[in-house]
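Undergrad: Sequence plus the predicted model coming up.
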Amino acid sequence: MSWDENGKIWMDGEFVDWKQANIHVLSHVIHYGSSVFEGIRAYKSNGKAAIFRLEEHVSRLFDSAKIYKMEIPYSEEEIANAIKETIAINNLKDCYIRPISYRGYGSLGVNPLNSPINTSIAVWKWGKYLGDDAIENGADIGVSSWRRMAPNTLPSMSKAGANYMNAQLAKLEAIENNYDECIMLDYAGYVGEGSGENIFLIKDEIIYTPSFDSSILSGITSDSVKKLAKKLGYEVQERKIPREFIYLCDEIFFTGTAAEVTPIRTVDGITIGTGKRGPITEEIQSNFFNIATGKLEDEFNWLTYIE
């Protein structure tokens, strides 16, 4: 992660200096985790910045807010344009993008309705989330003792700040156990997702991924991979996946805006397949990056170029 503290951050319609992008300590979000956000990437493609699936990310931001009854005081088009402007003013071609809407400074207490809805957008350079080596050789993962939220507790389909306290516990456990990342099981003990990634498992050339009823976030990179895999002729099944199936797979990989497409070589010290990036993972990963960087035709219309 590379922050340029000389850059600009968009805050409620104005650009402010990076170090001046502050909120009040009594803002509701600090005390109650009342925020929704997105992770988006722009790739350098044909010499320009190309935002990957901008409209879908902005739409999910508004969907997340809707679940929490947060009325973002901008339209989806205005937020999309603000994202493009923020990349342009920071003169970036390849970057990570973080739009966030949150309940700000107004009142405290569990009742959030007297606090305003504020929105900010920051952009910065961010390399491979689990490291350059993991992209080629795979990551080492552990199954976490922490479970994903049960249905009707916290809404897993909202990308909300509060949800990531659950993910933090799993991530911290992974770090303490010298793993690169973790796999979290759902409330019933089936495979859910990573601390910030969706997961795909391959057995006998069939690709499996957990269904939405396993308390997972509806991933946009995950959706992209499903579309790519089907185009490449692979069968993709969304279903409940028992934990022990993990160890029997030929290949496993994570997907996410930060993680992109990252293979997994071991889980709980057990080697997956040959212990390196498998051929199907490599084919999907190669197609994904080649579309994002303009080396392949963008037949899915995933890229929004900043002229």
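TA: Good, I have the coordinates.
Undergrad: Could you use CA atoms for every contact and neighbour count after this?
TA: Noted.
Undergrad: ok, Val267 touching Ser144?
TA: No. Applying C-alpha atoms under 8 Å as the test, Val267 and Ser144 come out as separate, 10.6 Å apart.
Undergrad: Please identify which helix or strand holds Leu61.
TA: Counting by DSSP states H and E, the element that carries Leu61 is helix 54-67.
Undergrad: Equivalent analysis for His24, please.
TA: Going by DSSP H and E, His24 is not part of any helix or strand.
Undergrad: With adjacent residues omitted, what lies nearest to it?
TA: Tyr105 (6.3 Å; C-alpha to C-alpha, 6 or more residues apart in numbering).
Undergrad: What separation do you get for the one you found and Asn22?
TA: 12 Å (C-alpha to C-alpha, to the nearest Å).
Undergrad: And Ile135, by the same measure?
TA: Taken as C-alpha to C-alpha, the span from Ile135 to Asn22 is 35 Å.
Undergrad: returning to what we had before: if you count surrounding residues, which of Tyr105 and Asn22 has more?
TA: It is Tyr105, of Tyr105 and Asn22, that has more neighbours when counted by other C-alpha atoms under 10 Å, with 19 against 10.
Undergrad: surely the more buried one meets Asn118?
TA: No. Shown here, Tyr105 and Asn118 do not form a contact pair, counting by C-alpha under 8 Å, at 9.1 Å.
Undergrad: now for the helix holding Leu61, which elements pack on it?
TA: Judged by 3 or more C-alpha pairs under 8 Å, 6 or more residues apart in numbering; DSSP states H and E, helix 54-67 is in contact with strand 35-37, helix 76-89.
Undergrad: export the ones you listed to JSON lines and tack on mean neighbour count?
TA: Below are these laid out as JSON lines (neighbours: other C-alpha atoms under 10 Å):
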{"stretch": "strand 35-37", "mean neighbour count": "26"}
{"stretch": "helix 76-89", "mean neighbour count": "18"}
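Undergrad: Only the buried residues of the helix or strand of the chain with the lowest mean pLDDT, if you could.
TA: For the chain, counting by mean pLDDT, DSSP states H and E, helix 132-137 ranks last in confidence among helices and strands (a mean of 86). The neighbour-count check on helix 132-137 (16 or more other C-alpha atoms under 10 Å) flags 134-137 as buried.
Undergrad: Could you dump these into TSV with distance to Glu299 added?
TA: Converted to TSV, these look like this (distance: C-alpha to C-alpha, whole Å):
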residue	distance to Glu299
Ala134	28
Ile135	24
Glu136	26
Asn137	29
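Undergrad: helix or strand right after whatever helix or strand Tyr96 lives in?
TA: Assigned by DSSP H and E, Tyr96 belongs to strand 95-103. Later in the chain than strand 95-103, the nearest helix or strand by DSSP H and E is strand 117-124.
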